[in-house]
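Engineer: Predicted coordinates and the sequence they were generated for:
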Amino acid sequence: MARPPTSRAGAGKAGQGAKDKAAAAAAQRQRPAAPIAAKSGKNATLILAIIVMLVLALFERPVCMLLFFALVPTMLAWLVDNTPGQSLIRTVAPLNLASSLPFAIKLWHEHNSLDQVFSFMSGSATWVALYGAAAFGWMLYYLAPAVITTVVERRIERLRDAALDRQKALKDEWGEDVEK
Amino acid sequence: MSVQPQANPSMSTTSGATVRLKDRFDIHYDKPLPGLRSPAAPAFVAEDIKTPGTRHFALICDPKMPPRLEAVRKLQMLKSYGVLTPVEVGAVDWAPANRRMFAMVFEQPLGDRLAGPTDNAITPWGEEALVAHVVAPLVQTLLDLDREMLPHRGIRPGNIFFRDANRRIAMLGDCVTAPPGLYQSVVYETIEGGLAQSHTRGSGTTAQDLYALGVLVLHLLFGKLPCAGQTEEKIVEDKIKRGSFYALVSEQRVPTGLSELLRGLLVDDPQARWRLGDIQMWLDGRRMTLKQPAPAIRAPRGFEIDGEECETARHLALMLDMQEPEVAGRILRGPNFETWITRTLGDKQVVEAINTAFSTRSESAAGTSGQTAQLVSRVLMALDPPAPIRFRDAATAVDGIGALLAVTMLTGGDLMLPSEILSARLPQFWSLRQGSAKGEDQATIRFFDKMLRYLDDKRPGYGIERVAYEMMPGLHCLSPFIEARYVEQMRDMLPAIEFAVQAKTIDVSPIDRHIAAFIGVYENNVDDGLLYTLIHADPATRVLGTLQLLAYLQETYGPPMVPSLIQLFGQQAKPVIERFRSRYTRARMQTGLTAILKENSLRKLADYLDSADEQRKDAQRFQKARLEYQQTIKQVEKATQQTGELMSTAKLAGHSVAVKIASLISSAIIGVTLFAMGVL
């Protein structure tokens, strides 16, 4: 079957679209590898979390419910964290999980029911405990670099000041010739 | 330059109207002895404080005329009674002249002078008395002097004394207070001596003394100076044209007994002139055969200059010398001259010498006129080889060039003239024309070649000043700083410089070209390199060079204390101390300088300022400081770079720390929870 001439045009457009895709792929190839690795890491974490939650939903529905509410800060961290090593998740998640652990154990050992879960949720102390630890993780994540910067900056400043003082002392004793 | 007299125990002391010479003689400058004075050296009573009762007198030399110090040394070794011999010599603070002068102390002769210094007319002497009381003793003295190769060069009636009050034994007077032959009348000089300027006649030889002895005999015999009333030029011209004997004797009748002696002594050719042995034999009564000198070659037709017919080469040289160099140059380059020399005179030696004179390259700073003057001078030497070097206004014996230079310097004359004589190698040309045996010419040529090298060397310690001190032994240092201190030996140098500094005559550098040249001549241990530092571009090197040189003089000759010089160097130490790069070293050196200055030792000051160890340490520390400075620059750059990178690195590090802290706290919470809830 003979093809209409327009198909050639269509074929031409299709050819152009293929070229654009190749360029996009090439551009993508040229992007830094770190975000890709970070994204794949994040996806792995997500998959792991979903699997754990599904397992828990099948066998320990109250615990699953508890963790669903308790780990909201960790989920938020997962959403906003785009660091290569997922530092935010790794900071927030352990604290968030550790703060959830007492409630999970209590639930497991005492009344492992959804009512008990809601009972926990109705107490403000529960939220303070769960989200306070997560908030501390967030705070830690954002304050640690500032503290480190301040400490290191001061140390560098001290070294530079010592070098400049020595330069001044050398010039004072030997004159401008010492620079040559 | 006005210099106040200053007592200096190492040289001489003054007390009242006396001045002490070398702790032995008190010279009374208020007691002149006109009867014993030399033409330019007044005489004063000198008292020997170690041997009272002896009769001495001192001659105070004219500082403008260099004395014959080598002759002094020879006379002192000779110890002849037939000539006035200095017992002691040295510079003294001469209050009447307000400067230091050179004094020579002699023993007073018992008899008086043969004639007054200016007496041309004297009582005629009898033939026998003349020979016995004058000629015989003087010949004996000349024999003594000849053994020391010391021509007297001052034989004239006014300079002859008697050893005894009865005037029976004549003795020669002073011959050391002025350059040789300076005060001799032209009559008493040979043709060569008469052609030279009075102060540049040179030491000559005993033959010139014998010629003067011949003239003395004539003078005493006739009671009047031969050729009296004639001008000096006329006398010399007469001697050249007629020969000395006929020119001096003139129309007078010479006694037969003395005719032989006079003919022998007044021969113009020094080789044919009688020698001392001949006179001794004549005195012993032996009849001598007169050596007939080879007669000068006479041209059949004279060469006319200014209406004067010149028949001999020597006469032609005299007439050419009377012309201006440009006029003489035109005559020499004219066709008549060449024709007359080659065809009419026909003296092959003269022709050859003139060809050499024309072919010798003339180079002169004065341009064409200088080249012409040099050509004229060489041609004069070719025409009349024994005559002195005649160049422009100078006429000097080859051994009188030193005196020419010295007197020119002393009188502030134009030094270009003696410089040009040396630069044009005229002494070497003169020596080559003499053709004497024993290699004397070659020695003279080598000596003047050396002087020329010194003259061309413009560094301190050389130049025209060095030539003057080399050629005129005994010439005192003519530095304007210390000339009035009359430094004629190295031990007097530092005290004189100290005095000049004290008198503010020296306020910057104590060593000028004269002092450097004087040190160069008399101090063999001083390295040329040290002298060169005196003109170094770096002020610190100049100061240190000067200081090292003077420190050496103080160590070698003293005196131990030179406070003014020390203070001068203290003021000039700044550039030396500034050489140290470390400010702290400079401050330390400056502080220590005060203590060193108090020690009054130039050596200690030199060692302190010129410490090699200190300089080495300073240089090493400076290198270390430079390296350290470069390291600090790198440290600052690194700190700046780290600050720039801090935000990114600190964020990563902070997050890592946050993760670790969170892990720790979480682990702790989990552990506590599990333990508290009984799980564990």
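Structural biologist: Now that the structure is in, tell me what you want to look at. Residues are numbered from 1 along each chain as shown, chains lettered A, B, ... in the order given.

Engineer: Check what pLDDT residue 24 gets.
Structural biologist: I went with chain A, as the question did not name one. Confidence at A:A24, expressed as pLDDT, is 45.

Engineer: Correction: the question concerned chain B.
Structural biologist: Among the per-residue scores, B:R24 shows a pLDDT of 93.

Engineer: Same check on the one 3 residues further on?
Structural biologist: pLDDT for B:I27: 95.

Engineer: Bridged to it, which residues?
Structural biologist: B:V19, B:A46 (DSSP bridges).

Engineer: how about it, what does it touch?
Structural biologist: Contacts for B:I27 (Cβ atoms under 8 Å, 6 or more residues apart in numbering or on different chains) come out as B:18-21, B:44-47, B:58, B:60, B:92, B:103, B:105. No exception for glycine: its C-beta is placed from N, CA and C like everyone else's.

Engineer: Could you single out the nearest of the residues you listed to chain A?
Structural biologist: B:V92 (54.0 Å; Cβ to the nearest Cβ).

Engineer: Which stretches in chain B count as strands?
Structural biologist: B:14-15, B:18-21, B:25-32, B:43-48, B:56-60, B:86-94, B:99-107, B:160-162, B:170-172, B:303-305, B:308-310, B:389-391, B:394-396 (DSSP state E).

Engineer: Least reliable of those strands by average pLDDT, please.
Structural biologist: The bottom spot among the strands of chain B, by mean pLDDT, belongs to strand B:14-15, with a mean of 51.

Engineer: Name the residue of chain B that lies nearest to chain A.
Structural biologist: Closest point on chain B to chain A, by Cβ to the nearest Cβ, is B:G654, at 2.7 Å.

Engineer: check which helix or strand covers the residue lying closest to that residue once chain neighbours are set aside.
Structural biologist: Leaving aside its sequence neighbours, B:G654 sits nearest to A:P145 (Cβ to Cβ, 6 or more residues apart in numbering or on different chains; 2.7 Å). A:P145 belongs to helix A:124-174 when assigned by DSSP states H and E.

Engineer: where does that helix sit relative to the chain's centre, distance-wise?
Structural biologist: Centroid separation for helix A:124-174 versus its chain: 22 Å, with Cα atoms, centre = their mean, to the nearest Å.

Engineer: swap in stretch B:106-114?
Structural biologist: Counting by Cα atoms, centre = their mean, stretch B:106-114 comes out at 32 Å from the chain centroid.

Engineer: List the buried residues of that stretch.
Structural biologist: For stretch B:106-114, burial by neighbour count (16 or more other Cβ atoms under 10 Å in any protein chain shown) applies to B:106-109, B:111, B:113-114.

Engineer: Closest one to B:S423 out of those residues, please.
Structural biologist: Nearest to B:S423 among these is B:F106, at 40.6 Å by Cβ to Cβ.

Engineer: Hmm, the closest one is touching B:D174, no?
Structural biologist: Yes: in terms of Cβ atoms under 8 Å, B:F106 counts as a neighbour of B:D174; the distance is 7.4 Å.

Engineer: Quick check: neighbours shared by the two?
Structural biologist: What both B:F106 and B:D174 touch, as defined by Cβ under 8 Å, 6+ apart, is the set B:59, B:84.

Engineer: quick one, phi psi at residue 114?
Structural biologist: Chain wasn't specified; assuming chain A. Main-chain torsions, A:L114, degrees, to the nearest 10: phi -70, psi -30.

Engineer: could you do chain B instead?
Structural biologist: Geometry field for B:L114 lists phi and psi as phi -70, psi -40, criterion degrees, to the nearest 10.

Engineer: Next, the contact list for residue 80, please.
Structural biologist: Went with chain A since none was named. Neighbours of A:V80 in contact, by Cβ under 8 Å, 6+ apart: A:L88.

Engineer: meant chain B actually
Structural biologist: B:141, B:144-145.

Engineer: ditto for B:T344
Structural biologist: Contacts of B:T344 (Cβ under 8 Å, 6+ apart): B:299-301, B:303.

Engineer: what two of those residues are the furthest from one another?
Structural biologist: B:P300 and B:F303 (11.4 Å).

Engineer: check contacts around B:P151.
Structural biologist: B:145, B:180, B:203-206, B:208-209.

Engineer: ok, now B:A41?
Structural biologist: With Cβ under 8 Å, 6+ apart, B:A41 has these contacts: B:59-62, B:104, B:174, B:177-178.

Engineer: re earlier: just the buried residues of the contacts of B:P151.
Structural biologist: B:145, B:180, B:203-204, B:206, B:208-209.

Engineer: For chain B, give me the ranges with low pLDDT.
Structural biologist: Applying pLDDT under 70 to chain B flags the ranges B:1-16, B:290-292, B:362, B:364-366, B:436-439.

Engineer: center of it, which residue is that?
Structural biologist: Of all residues in chain B, the one closest to the mean position by Cα atoms, centre = their mean is B:Y469, 2.4 Å from it.

Engineer: Give me the distance between that one and A:V117.
Structural biologist: 124 Å (Cβ to Cβ, to the nearest Å).

Engineer: now B:G181
Structural biologist: Taking Cβ to Cβ, one finds B:G181 at 145 Å from A:V117.
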